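quick check, what structure comes out for this input:
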Amino acid sequence: MSPNFKILSSSAGSGKTYTLTKEYLKLALHTADPDYYRSILAITFTNDAAAEMKERILGALRNFNNPSLSGGELQKSEDLLDKITDELQKRFPDEHFDKEQLRQRAGLLFTQILYNYSDFSVSTIDSFVNKIVQAFTKELNIPYNFEVDLDSQTLVSTAVQLLLDKVSNRKDDLLSETLEQYALEKAREGRSWNTLPDDLADFAKNLLNEQVYEAVTDLQGLTLEDFREIRKQLKELQEGILAALQEDAVKALQAIEQAGSPLLISTRQSRPVWLFQ
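Have a look, this model is predicted:
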């Protein structure tokens, strides 16, 4: 079967699994070779979806040659086989596919899969990528017996610890100087300065957020010196805006006093609330 791409766009519960099962069976049954299924790779998102798809495919192959079926189950099985036959006839008009021919191939394929189940490739995207990585561990310079940890909290904690391990007492160490400056600023603001690991971990969680992936990718080209300069510029901008607001606030108070309007100030909340009449 010549390679092509088919995009299925539909909402939940609209029959995507049924359609994918039908497409898989068309690929597997279009040839008389019962081992052709080894060349088919079906990928889905979750383990549950992969297990359901496997169950659907094997169930369809079994039901095509199951004499004990009756009623609705028999009708569903025959309808599916009719659709597969019809679509293969349209796709390969010179092959002269017929229903009984595909039924015999389905029986052989069902037996072949059961005896060689490990070659039945319906898996998740994660599992597929993991197999690729395992095949290129030498090129990627990672241990052959590497393990995949899906716990994001462990990943972030390990990364933060590795970063803190690089801190030294050298005066020319820009990383140590930056972290020290951050801790001192927190202390000057009256906040706890010894929560640096937790602060870094909380910020690092943004790196695992798909919504900021593009922004994080763009930032990878910047150096630590670039970040320090950007921070300096933002600090100056913040101070300028604050100074302008304070100046406007003073002018507003002066205008209120000159107008003789009563002014009530409530300090019960964390920030003063100004009420004008």
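
could you pull out the strands in the stretch 1-150 of the chain for me?
Using DSSP state E, counting those that start in this stretch, the strands assigned to the stretch 1-150 of the chain run over residues 42-44, 122-124.

weakest of the ones you listed in terms of mean pLDDT?
Here the lowest mean pLDDT among these goes to strand 42-44, at a mean of 86.

what's that strand packed up against?
Counting contacts by 3 or more CB pairs under 8 Å, 6 or more residues apart in numbering; DSSP states H and E, strand 42-44 is packed against helix 16-29, helix 47-63, strand 122-124, helix 125-135. From N, CA and C alone the C-beta is placed, and that goes for glycine too.

how close does the spatially most central residue of the chain sit to residue 217?
Centroid-nearest residue in the chain: residue 210, 6.6 Å away (criterion: CA atoms, centre = their mean). Residue 210 sits 12 Å away from residue 217 when distances are taken as CB to CB, to the nearest Å.

next one: residue 83
44 Å.

again with residue 139
Counting by CB to CB - residue 139 and residue 217 are separated by 22 Å.

and if you look at residue 158?
Taking CB to CB, one finds residue 158 at 22 Å from residue 217.

for residue 30, give me phi and psi.
Dihedral angles of residue 30 (phi, psi; degrees, to the nearest 10) stand at phi -70, psi -10.

next up, the contacts around residue 28.
Residues near residue 28 by CB atoms under 8 Å, 6 or more residues apart in numbering: 36, 37, 40, 109.

same check on residue 205?
Residue 205 touches 152, 156, counting by CB under 8 Å, 6+ apart.

doesn't it belong to a strand?
No: secondary structure of residue 205 (DSSP: H, G, I helix; E, B strand; the rest coil): helix, not part of a strand.

before we move on, back to that, neighbour count for residue 158 and residue 217, which is higher?
More crowded of residue 158 and residue 217, by other CB atoms under 10 Å: residue 158, with 12 against 9.

so that one, which of the three states?
Using three-state DSSP, the structure places residue 158 in helix.

who's in contact with it?
Residue 158 neighbours (CB under 8 Å, 6+ apart): none.

rerun that using 10 Å as the cut-off
149, 151 (CB atoms under 10 Å, 6 or more residues apart in numbering).

any idea of the pLDDT on it?
Looking at residue 158, the pLDDT reads 87.

and what of residue 199?
For residue 199, pLDDT reads 87.

now swap in residue 264 and tell me
On the pLDDT scale, residue 264 is placed at 55.

and for residue 45?
For residue 45, pLDDT reads 82.

pretty sure it sits against residue 124.
Yes: with contacts defined as CB atoms under 10 Å, residue 45 counts as touching residue 124 at a distance of 6.4 Å.

pretty sure residue 151 sits against residue 208.
No: applying CB under 10 Å as the test, residue 151 and residue 208 come out as separate, 11.3 Å apart.

so who does residue 140 touch?
Listed by CB under 10 Å, 6+ apart, the contact partners of residue 140 are 132, 133, 134, 146.

can you pull out the low-pLDDT segments for this structure?
1-14, 150, 261-277 (pLDDT under 70).

domain assignment for it?
Taking automatic domain parsing as the reference, the chain has its domains at 16-132, 149-221, 224-277.

hang on, the earlier thing: out of the helices and strands packed on strand 42-44, the one nearest residue 102 is which?
Set against residue 102 and scored by CB to CB, the helices and strands packed on strand 42-44 come closest in helix 16-29, at 5.2 Å.
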